[in-house]
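Peer 1: Just need the structure, nothing else, for what follows:
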Amino acid sequence: MAPPTDTREKLIDAAMDLFVFQGYGNTGLAQVARKAGVLPGSLYYFFPTKEHLLHATLEKRRELLHPEVLAPIWDSIDDPIERVFGLLAGYRRMLEMTEFKHGCPIGNLVIEVGETHPHARALLTQNFEGWLAAVEECFADARDRLPEHADTRRLAVFVLTTMEGAVMLARSYRNFEAYDAAVVQLRDYVERLLAEGTNRAHARDDGHVSRRRRKA
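Peer 2: Below you'll find the predicted structure:
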């Protein structure tokens with residue numbers, strides 16, 4: 001017999017998978033139990049209601065953000081700016097691998113349950129906040145390369161909204177035209193910020209040199 005913790009994790013993993021590919025509303029608890037390979041009674045022991053199971057999946061997604069989503073990219077890319085675009089490329093690969101069936105799990109659930117499940121909405125927001133914090137940290141790590149007016153939090157929000165919209169359009173059109181166009185425009189904006197930051201740094205250095213010469 002599987003330990004209780006293993007059974008619970010199997011149920012959460014099965015529900016996460018089903019919620020992504022067919023939605024929360026279209027997924028029945030009996031179906032989750034079958035996919036997890038456990039008896040329905042075990043499911044109700046751990047999750048008295050479907051909403052309890054939903055909350056558990058969202059808590060697990062929050063926990064897995066770094067080890068499963070971010071770490072593989074962060075470990076392979078050193079440049080903090082390129083990590084941001086590596087993350088966007090990862091979502092694109094997921095769409096390609098699943099033939100546009102796997103979108104953003106959090107974005108999907110916001111649309112489906114955001115208005116009807118307040119507790120779930122809070123957990124969805126926490127998932128977004130974790131994502132935003134990771135991207136904001138990338139821009140913060142590149143702070144010395146950006147102009148002084150660049151707001152790292154707003155840049156992270158810009159990246160998130162670009163990704164969510166791009167994923168939705170890619171799934172709708174069943175191609176990457178909109179996704180790639182959105183990433184190109186985002187890249188162009190970030191490159192302009194980096195160029196501005198470089199120009200200001202050069203101007204500041206030139207100013208320091210001029211002042212030293214005047215003092216000499």
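Peer 1: for this protein, what are the low-confidence residue spans?
Peer 2: Across the chain, the stretches falling below the confidence threshold (pLDDT under 70) are 1-3, 201-216.
Peer 1: please redo it, this time with the cut-off set to 50
Peer 2: Counting by pLDDT under 50, the ranges of the chain that qualify are 1, 206, 208-210.
Peer 1: Need the residue closest to the centroid of it.
Peer 2: Compute the mean C-alpha point of the chain, and by CA atoms, centre = their mean the closest residue is residue 131, 4.7 Å away.
Peer 1: residues touching residue 51, list them.
Peer 2: With contact set as CB atoms under 8 Å, 6 or more residues apart in numbering, residue 51 has these partners: 117, 119-120. In this view, the C-beta of every residue, glycine as well, is placed from N, C-alpha and C.
Peer 1: Residue 135 now?
Peer 2: By CB under 8 Å, 6+ apart, residue 135 lies in contact with 84, 87, 155-156, 159-160.
Peer 1: just checking, residue 198 touches residue 145?
Peer 2: Yes - between residue 198 and residue 145 there is a contact under CB atoms under 8 Å: 7.1 Å.
Peer 1: Looking at these two, which is more packed in?
Peer 2: Set residue 198 next to residue 145 and count neighbours by other CB atoms under 10 Å: residue 145 wins out with 18 against 13.
Peer 1: Relative to residue 190, how far out is the residue nearest to the more buried one when sequence neighbours are not counted?
Peer 2: When the adjacent residues along the chain are set aside, residue 145 lies closest to residue 197, with 5.0 Å between them (CB to CB, 6 or more residues apart in numbering). Counting by CB to CB, to the nearest Å, the gap between residue 197 and residue 190 amounts to 10 Å.
Peer 1: what's the answer for residue 71, then?
Peer 2: Between residue 71 and residue 190 the distance, using CB to CB, works out to 23 Å.
Peer 1: Same question for residue 67.
Peer 2: Summarising the geometry, the distance separating residue 67 from residue 190, computed by CB to CB, is 26 Å.
Peer 1: So those two - more neighbours on which side?
Peer 2: residue 190 (20 against 9).
Peer 1: Of the contacts of residue 51, which belong to helices?
Peer 2: In helices, defined here by DSSP state H, the members of those are 119-120.
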